[in-house]
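> my questions concern the predicted model and sequence given below.
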Amino acid sequence: MRAYVFTDKALARHAGRFVWLEINTDLPKNALFQEKYPVENWPTFFIIDPKEEKALVRFAGSATVAQLEKLFEDGERAWRGDGQGAEAALARGDALYGAGKPAEAAEAFAQALAQAPADWSRRGRTLESLLVALWGAKQHEACARKAVEELPRVPRSPSLANATTVGLFCALSMPPENPASKELLGALEATGREVLAPPPIDMPADDRSGLYEAMVEARDVSGDEAGTKALAHEWLTFLEGEAAKAPNPEARTVFDSHRMSASMVLGDPMRVVPAIEQSERELPGDYNPPARLANLYRMLGRLDDALAASDRALSKVQGARRLRVLSDRSAIQVARGEKEAAVKTLEEALAHARSLPEAQVSKRQVEALEKKLAELKAK
């Protein structure tokens, strides 16, 4: 968003419309904000009532300039309280989601869709919000079913792509023994293929990449090895083309994590190593490039290089992000045959997690570290 959207001159006319604030959720000093306004996905956008300090809009995911402008309008309408019908239900859903009540928010978003005319300009945005709320409420089957039901009513747009992506991940999160999972996944894959087909939708490249990621995982779950590899190759080729067009190093590094994921599916991590080494040279203060290189070097068997890259990442990373770097470091140490060092690294990660404000550490992340440590000690 910072590299591609917020720099768009079309946003300049909104400069005096709000008080703007960016929060770095890696920093412990921002924990109080996160306690009041929880963040589960990055980026997340809030429009906050300045008097009551409640979130009028909470929207997860990246957005185009046009989508941001609709969010601005929705936030102002909610602040004035003059919405009616579907728009009032949308505002109610936004407020409930902002208050951390995803299940109740989903009901309000569903009411908005039911009340809205067929050509409602907020249909795509509302469906995105509904599916994200259902995902947050862990209602994965309901999310996938609602995506299959509503996607045909959404015009070809970034919202169509994003809603398809969320629907796919919901279907992928259903228990495999659920007899409906295969049918829902197949229907959503069909929509995904239509979205990725020409003519291309004008949307952020990372949103298109997110859809590719979901589609690749769906093919993998289906046991289609050839289809998985073919789609991953298409995905990585797309990302390499986008990176080649990037106007500066920050814009290019946007694609590093996506390229790394695609190369891992292809079993060819070396394909992306030079690009991420370049990112580290050009962005010396960013912990992400060396953290990614640590994993890539480990997969290539370059364990000394992996440990050195991990050292460089740890010298820069802060907050809860440090937990992931330490977890990956323990995998390098295991690969080097250094079990005791790996145990100490995981114990350090858990101690660091306990030292952080609760709002900045996910329970799932801590449980994963505890499980990894227990399994390592049991070997």
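Cool, got the structure. Numbering: from 1, shown residues only.

> in what helix or strand does the closest residue to E370 other than its chain neighbours lie?
Excluding the flanking residues, the one nearest E370 by CB to CB, 6 or more residues apart in numbering is L350, at 6.8 Å. Glycine gets a C-beta too; all of them are placed from N, C-alpha and C. Using DSSP states H and E, L350 maps to helix 339-355.

> other SSEs contacting whichever helix or strand comes after that helix?
The element immediately downstream of helix 339-355 (helix or strand, assigned by DSSP H and E) is helix 363-378. On a contact count with 3 or more CB pairs under 8 Å, 6 or more residues apart in numbering; DSSP states H and E, helix 363-378 meets helix 321-335, helix 339-355.

> those helices into TSV, with extra columns for distance to A108 and mean pLDDT?
As requested, the helices and strands packed on helix 363-378 are arranged in TSV below (distance: least, CB to CB, whole Å; pLDDT from 0 to 100):
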stretch	distance to A108	mean pLDDT
helix 321-335	33	97
helix 339-355	34	97
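
> buried deepest among these, which one?
helix 321-335 (a mean of 21; mean count of other CB atoms under 10 Å).

> who does it touch, helix- and strand-wise?
helix 288-299, helix 303-314, helix 339-355, helix 363-378.

> and the residue lying closest to Q34 once chain neighbours are set aside, how many neighbours?
Among residues not flanking Q34 along the chain, A359 sits closest, at 4.1 Å (CB to CB, 6+ apart). A359 is flanked by 19 other residues according to other CB atoms under 10 Å.

> change the start of the numbering to 47 and stick with it
Yes, from this point I'll number from 47; that puts the last item at A405.

> re the thing from before, looking at the helices and strands packed on helix 409-424, which is nearest to R327?
helix 367-381 (19.4 Å; CB to CB).

> so the residue nearest to Q80 touches K75, yeah?
No. Using CB atoms under 8 Å, A405 makes no contact with K75, being 12.0 Å away.

> now stretch 341-360, how far from the chain's geometric center?
Distance, stretch centre to chain centre, for stretch 341-360: 25 Å (CA atoms, centre = their mean, to the nearest Å).

> ok, residues contacting the strand or helix carrying A289?
Using DSSP H and E, A289 maps to helix 271-291. Helix 271-291 has contacts (CB atoms under 8 Å, 6 or more residues apart in numbering) with 251, 254-255, 258-259, 261-262, 265-266, 298, 301, 304-305, 308-309, 311-312, 317-318, 321.

> among those residues, which ones are in helices?
Of those, the ones assigned to helices by DSSP state H are 251, 254-255, 258-259, 261-262, 265-266, 298, 304-305, 308-309, 311-312, 321.

> about what we covered before: show me what contacts the residue nearest to Q80?
77-78, 80-81, 84.

> so which of those is the most crowded?
Taking other CB under 10 Å as the neighbour criterion, A77 ranks highest of those with 18 neighbours.

> just checking, next helix/strand downstream of the helix or strand that one falls within?
Following DSSP H and E, one finds A77 within helix 77-82. Downstream of helix 77-82, the next assigned helix or strand under DSSP H and E is strand 90-94.
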